[in-house]
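# Got a sequence here, can you build the structure:
(chains A and B)
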Amino acid sequence: MDASILLILVQDGLVNGAIYALLALSLVLVFTVTRVLFIPQGELVAFAALTYSTLAEGHVPASIFLLAGLGATACLRGLWDARATRNKYGKILFGTLGPPAVVVPLTLWLAPRHPGLAVSALLAVATVAPMAPALYRIAFAPLASASILTLLIAAVSVRFAMVGIGLVIFGPEGTRGIGFSDAFFTVGPLTIPGQAIWIWIVTFALMLALAIFFGRTLIGRALRATAINRLGAQLVGIPAEGAGRLAFTLAGAIGAISGVLVAPLTTIYYDTGFLIGLKGFVAAIAGGLVGYPAAVIAALAVGIVESVSSFWASAYKEVIVFTAVLPVLLVRSLLGPPSEHDE
Amino acid sequence: MKRGLWLLFLLAWLAAPLLGIVPPFWISLANTIGIATVVVLGLVVLTGVGGMTSFGQASLMGFGAYTTALLNTSLHLSPWIALPASIAASVAAALTLGAVTLRLSSQYLALATLAWSVSLFYLAGNLDLTGRYDGIPAIPAVSLFNINLAAPEKFFVVIWVSVALAMLATANLLDSRVGRAMRALRGGAIAAASCGAPPAQAKLLAFLYAAALAGWAGWLYAHLQRAVNPTPFSFAASTEYLLMAVLGGAGHIGGALLGAAIFTLLNDRLQSFLPLLIPTPGNFELVAFGCLMLVLLQTAPEGLWPHLFRPRPQPRPIDETLALPRRNIPPPGTLLLESIALTRRFGGLVAVDALSFSACAGEIVGVIGPNGAGKSTIFNLLTGVDQPSAGQIKFRSEEITGSNAAAIAELGIARSFQHVQLVAGMSVIENVCLGAHLRGHAGPLRALLQLDCAEEAALFAEAMRQLDRVGLRQHADRPAGSLALGQQRIVEIARALCLDPVMLLLDEPAAGLRHNEKEQLATLLRQLRAEGLGVLLVEHDMDFVMQLADRLVVMNFGAKLTEGAPESVGRNPQVIEAYLGTAA
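The predicted structure is shown next:
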């Protein structure tokens, strides 16, 4: 392997790594605020990618009906939980049925008119992103006081249901989305495709936006407060459930955007998301599930390890990436203090 | 009697398929249920008892299955020789994962097993050794005394004898010295450590035991199907086993069988009926199970078993004539525990500030001070639950700074906790028995085979004696969580006494007690002092501590305010100021 091949592999790895970094950020965000290890994040990525491809081809994606179903279930769940207090009905109706009420008719009207890539991308994000807070209302908010492991089992259950539904709404065929740009830029030995530039720009912009959100805005700081001390945040008037919904909304948006970005890179099937999301987790674990910068660096490393190993031993690509978790955990185990008790 | 009945039932169950009246379809379902039960029993120990979760049980099962497949087809070994090898392969794999993750919080084990099961799936699917995605065909059948057990109704006997043995072994394991340490992982891990049973060890044992059962199940699977491939050992399969455990009731041995049976039957019905209802292709049973699991977690996280059978702790016969050897207690006045300039900082907060004091044998030393003075932190430092930032701890003139909780327990330092650390679901006497952990020696193998009966009887006799001593004899068989909080504190003292301690550290033992109960406690403490024990007592009830203590150490803001006889301390103006504020 000479230097130019290595450079190409690193470039490739940084493209995928950027996506994993976005996912790792969203997973850390959700975990610190709600203690949920959001395994179905990968499914959201795949669903957004497939929704985008379907729209770009001028068809109506069936995922809008999934959004409607999730919204309706979340609405019933919310109304049921609020039955004792009988307030906030309007807020629940608006929060759960609002997104499908806008997205479903809009998509049905726009899709057959070949809306173009930008509109398709926006619609795909608008379809998939609200699924995350709906899932939070249905599956995780009622378990808010359960242990991390119970929440993890719930997350895996959600993932199973989502994969089953994914097969029905997208079918077993894979699709590859249309890229935002056909341009190529030549830099020394490298040929950088326009899509890669798009991914880097969007990733960077999202990270910057998140940094400003967490550092400068009151809501962002409230989320950080909840992440550091849930009870303490509640005592000063930050509702844990509201913080959880916000975290899931942000994660849903990040997952959906990642899906649209990744769609043109590779063929996506209804169940491809699992491995993509899991690589985000590998990166998040390296940051101890709490550190943002460490997670981003680890995500880029995961991307590079993946592209280098797919060059050397493509059949063992996943084996190498996922086995890499073990040395990472070993280092954490040796460096960190022992955890004698879990909550 | 009861045992005989169970045996009879098992024999009838084993014989039924051999009579030729049971349709093959039901035998095949029962075989699937049996193998799943063996795997899920491991999850009962790991998840229900130990509070950990693994998404890799099917992968561990795969280690067992592939091991026997390779040994049989390549080396032509007998399946019976391959059985221990299968179990050993799973255990070795679990040991690797456990060594890496078990010092971290429990979500890392879950995530590591998740990543690992994906990795192993692709590994088995790409290696020539494991026959790639096609797997290994033509695994020979098991035969016993020249009887070929290839037919499903004959292998049924092997499977269900395995189920019965695995259930018995699991019951034996949980009802043993090491089993109590495992059961303490949920709710009493710190207390177990202070009794000399390190949680890390108990966690590893639970994971290895679950792996051993998975390996055994893998062996059964390989010889039932006579072929292996990666699919039945995937992440999805692992999740199904976890669902079975949650469904049946992860905390109960019977729940494993119940969960495996309901899941397998339901899965079979769904697979045949759902396609008729919904004509589009899809894995609707996946959707159904995902939703079922969510509903279960939200409505009945303890599973179906406790709702159907309402298990209660059985009264345990105890032979109180048995006794354990005791350690030599040093003569009264021997210097026991010394704290030298002990300091603990939490970030910028100095919780304990250069504190020096000592306690001798045959002496009660009271530690008093306002809330937040650092009294409980001192206890945690002295017992190895927490480590000091600076300073030294000596016990009988030997430095013990930096020792962990279990090592300190071994020296004969026992303690109770301000926030009660009992295992709510275990009976009172089992909780107390945990205190005698270091006075028994039976390991997991002796526990599995029930070769620890004599030792267990002696441990329980000791526990009953200590329970009698603190006056809670009549509550021995009740679940510890059902006692009043004051009584639970007293149970903690009985547990500490079971260690046969030289030094006893009691953190607010009188809180929540009625007047006459306090009198009883004071009498007990005086008696222990007369026996030559050193007692260190943190207490808020001033009357109680004043009448008992030989010496008082007064703390304020982490530092020692003063030290001396109770009468002189009570008159000290600094102490009065700390407690009551300055006179205006």
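# For residue B:489, give its distance to chain A.
Applying Cβ to the nearest Cβ, to the nearest Å, the value for residue B:489 to chain A is 20 Å. For glycine as for every other residue, the C-beta is placed from the backbone atoms N, C-alpha and C.
# ok, now which ones touch whichever residue of the stretch 301-450 of chain B sits closest to chain A?
Nearest residue of the stretch 301-450 of chain B to chain A, counting by Cβ to the nearest Cβ: residue B:301, 6.4 Å away. Contact analysis of residue B:301 by Cβ atoms under 8 Å, 6 or more residues apart in numbering or on different chains lists A:146, A:150, B:246.
# 10 Å instead?
A:143, A:146-147, A:150, A:153-154, B:246, B:249-250 (Cβ atoms under 10 Å, 6 or more residues apart in numbering or on different chains).
# cool, and residue B:464?
B:316, B:318-320, B:322, B:429, B:432-433, B:473, B:476, B:494 are the contacts of residue B:464 under Cβ under 10 Å, 6+ apart.
# Sticking with the residue of chain A found nearest chain B, tell me its helix or strand.
Residue nearest to chain B within chain A (Cβ to the nearest Cβ): residue A:161, separated by 3.0 Å. Element membership for residue A:161 (DSSP states H and E) is helix A:148-170.
# Quick one: mean pLDDT over that helix.
Averaging pLDDT along helix A:148-170 gives 89.
# for that helix, packing partners?
When contacts are defined as 3 or more Cβ pairs under 10 Å, 6 or more residues apart in numbering or on different chains; DSSP states H and E, helix A:148-170 packs onto helix A:3-34, helix A:41-56, helix A:63-81, helix A:131-135, helix A:273-286, helix B:106-126, helix B:235-248, helix B:284-299.
# export the third one as CSV, just CAs?
The one in question is helix A:63-81. Written as CSV, here are the backbone C-alpha positions of helix A:63-81 (Å, rounded to 0.1, in the frame of the first residue of the first chain):
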residue,chain,number,x,y,z
SER,A,63,-42.7,6.1,5.8
ILE,A,64,-45.2,9.1,6.0
PHE,A,65,-47.8,6.5,7.1
LEU,A,66,-45.3,5.2,9.7
LEU,A,67,-45.0,8.8,10.9
ALA,A,68,-48.8,9.2,11.1
GLY,A,69,-49.1,5.9,13.0
LEU,A,70,-46.4,6.8,15.5
GLY,A,71,-47.9,10.3,15.9
ALA,A,72,-51.3,8.8,16.6
THR,A,73,-49.9,6.3,19.1
ALA,A,74,-47.9,8.9,20.9
CYS,A,75,-51.0,11.1,21.0
LEU,A,76,-53.1,8.4,22.6
ARG,A,77,-50.3,7.6,25.0
GLY,A,78,-49.9,11.3,25.9
LEU,A,79,-53.6,11.8,26.4
TRP,A,80,-53.8,8.7,28.5
ASP,A,81,-51.0,9.8,30.8
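# State the distance from the residue minimising distance to the centre of chain B to chain A.
In chain B, the C-alpha nearest the mean C-alpha coordinate belongs to residue B:182, at 1.7 Å (Cα atoms, centre = their mean). Using Cβ to the nearest Cβ, residue B:182 is found at 14 Å from chain A.
# hang on, that residue packs against residue B:208?
No. At 11.2 Å, residue B:182 does not count as touching residue B:208 under the criterion of Cβ atoms under 10 Å.
# quick one, what contacts residue 180?
Here I'm looking at chain A. A:117-118, A:121, A:194-195, A:197-199, A:202, A:260-261, A:263-264.
# Hmm, no, I was thinking of chain B.
B:174, B:188, B:192, B:195, B:197, B:202, B:423, B:426, B:430-431, B:433-434, B:436-437, B:440, B:459.
# so which of those residues comes closest to residue B:574?
Minimum distance to residue B:574 across these is 37.9 Å, recorded for residue B:195 (Cβ to Cβ).
# Next one: that closest one from residue B:463, what distance?
12 Å (Cβ to Cβ, to the nearest Å).
# on that earlier part again, buried ones only from the contacts of residue B:180, please, as a ChimeraX command.
Listed next is the ChimeraX selection for buried residues among the contacts of residue B:180, using 16 or more other Cβ atoms under 10 Å in any protein chain shown:
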select /B:174,188,192,195,197,202,423,426,430,431,433,434,436,437,440,459
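# Close to chain A as well: tell me which of the contacts of residue B:180 qualify.
Filtering the contacts of residue B:180 for proximity to chain A by Cβ under 10 Å from any Cβ of the partner chain leaves B:188, B:192.
# residue ranges of the helices in the stretch 151-300 of chain A, please?
Applying DSSP state H, counting those that start in this stretch to the stretch 151-300 of chain A gives helices spanning A:194-216, A:218-228, A:230-235, A:240-262, A:273-286, A:292-312.
# Residue A:69 is nearest to which of these?
Closest among the helices of the stretch 151-300 of chain A, using Cβ to Cβ: helix A:240-262, at 15.7 Å.
# That closest one vs helix A:273-286, what angle?
120 degrees (axes from the mean of the first three to the mean of the last three Cα atoms, to 10 degrees).
# From the chain's centroid, how far away is helix A:240-262?
6 Å (Cα atoms, centre = their mean, to the nearest Å).
# With stretch A:72-92 instead?
Centre to centre, stretch against its chain (Cα atoms, centre = their mean), the figure for stretch A:72-92 is 26 Å.
# Could you do stretch B:216-227 as well?
30 Å.
# Pull the contacting residues for the closest residue to chain A within the stretch 1-150 of chain B.
Chain A sits closest to residue B:119 of the stretch 1-150 of chain B, with a gap of 3.7 Å, by Cβ to the nearest Cβ. Taking Cβ under 10 Å, 6+ apart as the criterion, residue B:119 is in contact with A:316, A:318-326, B:56, B:59, B:235.
# What's the local residue count around the residue nearest to it when sequence neighbours are not counted?
Distance criterion Cβ to Cβ, 6 or more residues apart in numbering or on different chains; nearest residue to residue B:119, sequence neighbours excluded, is residue A:322 at 3.7 Å. Neighbourhood size, residue A:322 [other Cβ atoms under 10 Å in any protein chain shown]: 26.
# Counting by contacts, list what the one helix or strand residue B:267 maps to packs against.
Element membership for residue B:267, per DSSP H and E: helix B:253-277. Applying 3+ Cβ pairs under 10 Å, 6+ apart, one finds that helix B:253-277 makes contact with helix B:24-43, helix B:152-174, helix B:235-248, helix B:284-299, helix B:305-309.
# before we move on, back to that, okay, and the residue nearest to the centre of chain B sits in which element?
Per DSSP H and E: helix B:177-183 holds residue B:182.
# which residues touch whichever residue of chain B sits closest to chain A?
Using Cβ to the nearest Cβ, the closest approach of chain B to chain A is made by residue B:290 at 3.0 Å. When contacts are counted by Cβ under 10 Å, 6+ apart, residue B:290 is found next to A:40, A:139, A:154, A:156-165, B:239, B:243.
# quick one: which of the residues you listed is nearest to residue B:101?
residue A:156 (17.6 Å).
# Please name the nearest non-neighbouring residue to residue 102.
Using chain A. residue A:126 (7.5 Å).
# I was after chain B.
Nearest to residue B:102 is residue B:203, by Cβ to Cβ, 6+ apart, at 4.9 Å.
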